[in-house]
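**Q** Based on what follows, work out the 3D shape:
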Amino acid sequence: MSIAWNGFQSGGGANIATSNLTLPIVNGVLKVQLVPTTDASAEAQYNITYNSSGGNQFTEVWAVPPSTLPVTVRSLRVSSGTVVGPQPIVSSILISDVTGLQNELHLRPLEGVGFAPARTAVIDSAGMIDAAVGNLSDCVRGDGTSGPCGSGGGLVPSYSDSALPSGVVNGVNTTFTLRYAPSPAASLNCSIMACCWPPVWTTSL
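**A** Prediction:
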C-alpha cells in the first residue's frame, strides 16, 4: 500500500512536510505510525492507495486521531468530502480587537431615537439618523421639517407665474386678491404691463 499526504501542522505544532510512504501488508496485518490529523491546525488527511499484482486496486482517505493505543484501519476511513481537522472555534470578539473597526464605525451615522424604516431620513443636531415626521404625502424641507406640498394640501404648485389677481378694475380700486398667498411675502413680484389691463402679478410660493 502507498500512503501520501500534503504538508500540514500537527496538533502539537510540528510542521509535517509533504511526503509518501510505501509498505507491505503481510497476512492482513498493517503496522505504521502516522501523525494525527484530526487535531491538525489546517485540514489534513492521508491518501491511501492499495496495490496488488502491480495494479492499483482502490483508494481511500484516512483521518488519524491522537491515540496512545493502536487503532484499526476501519476507524480511520472517512467518506468523500469529509473535512478533516479541528472543529472551528466560535467565540465573541470585541470591536476593539479588530484593527481600525472602531474608527470606521465612528464615521457612520447612528440611528437616532426618531429612526423609523420606510421614512425619509433626516440628520438630527447630533448627527444621528431620524425619520421625517408627517404624513407620507408631505414634502420634506431642507431643515428636516415636513408639511403639505405647496399651500393647499398638494393641489397648489410651489411656484405660480403670470397669476391674474381678482378685484374691481375701475381705475380707482387699489385692492386686489391673489389666488395663492406669497410665501415668503418677499417673493411677490408685481409688474404692470403697458400693453394690457388688468396688470399681471408674479408670485413664488
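**Q** need the helices for the protein, in chain order.
**A** Taking DSSP state H, the helices of the chain run over residues 73-76, 101-106.
**Q** Could you chop this protein up by domain?
**A** With domains defined by automatic domain parsing, the chain comprises 2-78, 110-147, 151-169+176-205.
**Q** What is the end-to-end distance of the first one?
**A** The first and final residues of domain 2-78 sit 17 Å from each other (Cα to Cα, to the nearest Å).
**Q** any chance of the domains of the chain in CSV, plus mean pLDDT?
**A** As requested, those are exported to CSV (pLDDT from 0 to 100):
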stretch, mean pLDDT
domain 2-78, 89
domain 110-147, 87
domain 151-169+176-205, 67
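**Q** I'd like to know how far residue 161 sits from residue 114.
**A** Shown here: residue 161 relative to residue 114, a distance of 37 Å by Cβ to Cβ, to the nearest Å. (C-beta placed from N, C-alpha, C; glycine too.)
**Q** Assess the claim that residue 147 and residue 137 are in contact.
**A** No. Using Cβ atoms under 8 Å, residue 147 is not in contact with residue 137, being 10.4 Å away.
**Q** Neighbour count for these two, which is higher?
**A** Counting neighbours by other Cβ atoms under 10 Å for residue 147 and for residue 137 shows that residue 147 has the greater number, 13 against 10.
**Q** Chain neighbours aside, what residue packs nearest to the more buried one?
**A** For residue 147, ignoring the flanking residues on the chain, the nearest one in space by Cβ to Cβ, 6 or more residues apart in numbering is residue 138 at 5.6 Å.
**Q** Please name the residues that touch the one you found.
**A** Counting by Cβ atoms under 8 Å, 6 or more residues apart in numbering, residue 138 makes contact with 132, 146-149.
**Q** Can you redo the residues you listed as TSV, where the extra columns are distance to residue 12?
**A** Supplementary listing: the contacts of residue 138 in TSV, determined by distance: Cβ to Cβ, whole Å:
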residue	distance to residue 12
132	62
146	67
147	72
148	75
149	73
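**Q** which among those residues end up buried?
**A** Burial by neighbour count, 16 or more other Cβ atoms under 10 Å: within the contacts of residue 138 this picks out 132, 146, 149.
**Q** which of these lies closest to residue 181?
**A** residue 149 (15.2 Å; Cβ to Cβ).
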